[in-house]
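In: coordinates only, sequence not included:
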Ligand SMILES: NC(=O)c1ccc[n+]([C@@H]2O[C@H](COP(=O)([O-])OP(=O)(O)OC[C@H]3O[C@@H](n4cnc5c(N)ncnc54)[C@H](OP(=O)(O)O)[C@@H]3O)[C@@H](O)[C@H]2O)c1
């Protein structure tokens, strides 16, 4: 494979360096700003390209590591070039390979390859990406080859159906972004009872870390504790009486999800009363 990157940002830097460390043949980078391509080329000891035509010509596999909203624009540009038999990949979590419209006409192969990983640092994230889980979908013809390409790096790979990409991506939003929202909600509630922002975070951090470690170690079901699991209606009512109005809906929705988990953990317990009570509170 002769791999070229279009888009020298966090993902381009990280995957390029990671591939180089695995002795894969990375040709180099093209980017909107030549300085970015130059820096990525220096970082990976590869070439930088001043025009998109040259990198397309020299590569047989292209990674379009540009922002999601730009992938189609780049595809519209490169599909006018000679691309027969080339592999074209993007790394978006939410878009599928369908963004490469008419790819069959060009007799080339399109894939979305998504590392389920927050790539936050273009110079350092490559050191940690070996632990990332990759999802892959796209042209049937070379799917097995692409799977094996990723598995040889040592990463776990799951092939998914292109129609499921938005659902798949929403799972990542729940576990990544929504945790941020929940943490901020906890901080705001502590601030409302006298903590400052810093001490609120300091107080909640061990709870957050312990919880994540438990979930990783023993799964969600056996990590569940608290008033929902205990069906402690009095405590839950107390919470709902004092938390701000806009947090109540969130509290009730999340409690309903926790009842599903608690029912699995404690099949002998009946959570119907709590469920009905939450419905009632939700309508008030
Ligand atoms: N960051 C993550 O955590 C992460 C994780 C998984 C997947 N992804 C996916 O990876 C892709 C890239 O995301 P990112 O986080 O790496 O973004 P990023 O750091 O903003 O990098 C994108 C790069 O694309 C270049 N670019 C923008 N428009 C261009 C154009 N018209 N032609 C050529 N290059 C162009 C920019 O280059 P210049 O510097 O030259 O302006 C920029 O450096 C996205 O599809 C994203 O969904 C990201």
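Out: All right, it came through fine. None of these values were measured; they are calculated from a predicted model. Residues are numbered from 1 along each chain as shown.
In: Alongside the ligand, which residues does this protein contribute?
Out: 6-11, 31-33, 36, 65-68, 70, 73-74, 90-93, 114-115, 117-119 (Cβ under 6 Å from any ligand atom). Heads up, the C-betas are built off the backbone N, CA and C, glycines and all.
In: wait, residue 172 sits on residue 93?
Out: Yes - between residue 172 and residue 93 there is a contact under Cβ atoms under 8 Å: 5.9 Å.
In: any common contacting residues for these two?
Out: residue 116 (Cβ atoms under 8 Å, 6 or more residues apart in numbering).
In: In contact with the closest residue to the ligand within the stretch 1-150 of the chain, which residues are there?
Out: Distance from the ligand to each residue of the stretch 1-150 of the chain (Cβ to the nearest ligand atom) is smallest for residue 9, at 1.7 Å. Counting by Cβ under 8 Å, 6+ apart, residue 9 touches 31, 36, 65-67, 122.
In: most surrounded residue in those residues?
Out: Counting neighbours by other Cβ atoms under 10 Å, the top entry in these is residue 65, with 27 neighbours.
In: And that residue, how far from residue 119?
Out: 10 Å (Cβ to Cβ, to the nearest Å).
In: How about the contacts made by residue 12?
Out: Applying Cβ under 8 Å, 6+ apart, the residues near residue 12 are 5-6, 29, 31, 40, 63, 65, 122.
In: could you show me where the helices are in the stretch 101-250 of the chain, in order?
Out: For the stretch 101-250 of the chain, the helices defined by DSSP state H, counting those that start in this stretch occupy 143-151, 165-175, 177-192, 197-218, 233-242, 245-265.
In: Check which helices and strands the longest one is in contact with.
Out: The reference is to helix 197-218. The elements that helix 197-218 packs onto, with contact taken as 3 or more Cβ pairs under 8 Å, 6 or more residues apart in numbering; DSSP states H and E, are helix 177-192.
In: Output the contacting helices and strands for the helix it packs on.
Out: helix 197-218, helix 245-265.
In: what do residue 65 and residue 119 both touch?
Out: Shared contacts of residue 65 and residue 119 (Cβ under 8 Å, 6+ apart): residue 11.
In: Take the contacts of residue 9 and keep only those in strands.
Out: Assignment to strands by DSSP state E places none of these there.
In: Let's have those residues in a markdown table, adding pLDDT.
Out: Putting the contacts of residue 9 into a markdown table (pLDDT from 0 to 100) gives the following:
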| residue | pLDDT |
| --- | --- |
| 31 | 98 |
| 36 | 98 |
| 65 | 98 |
| 66 | 98 |
| 67 | 97 |
| 122 | 96 |
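In: Just those residues: which are in helices?
Out: residue 36 (DSSP state H).
In: In contact with residue 251, which residues?
Out: Residue 251 touches 239-240, 243, counting by Cβ under 8 Å, 6+ apart.
In: Got a ChimeraX select line for the buried ones in these?
Out: With 16 or more other Cβ atoms under 10 Å as the criterion, this ChimeraX line picks the buried residues out of those:
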select :240,243
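In: Out of the contacts of residue 251, flag the one nearest to the ligand.
Out: Closest to the ligand, out of all of these and judged by Cβ to the nearest ligand atom, is residue 243, at 32.3 Å.
In: Now do that closest one, the pLDDT please.
Out: pLDDT, residue 243: 95.
In: measure it to residue 237 for me?
Out: Residue 243 is 11 Å from residue 237, where distance means Cβ to Cβ.
In: strands paired with the lengthiest strand in the chain, and their directions?
Out: Criterion DSSP E: the longest strand present in the chain is strand 109-116. Each strand paired with strand 109-116, and its direction, by DSSP bridges: strand 87-90 (parallel), strand 133-138 (antiparallel).
In: Point out the most buried one among the ones you listed.
Out: strand 87-90 (a mean of 26; mean count of other Cβ atoms under 10 Å).
In: Let me see the mean pLDDT of that strand.
Out: Per-residue scores along strand 87-90 average to 98.
In: how much distance is there from that strand to the middle of the chain?
Out: 18 Å (Cα atoms, centre = their mean, to the nearest Å).
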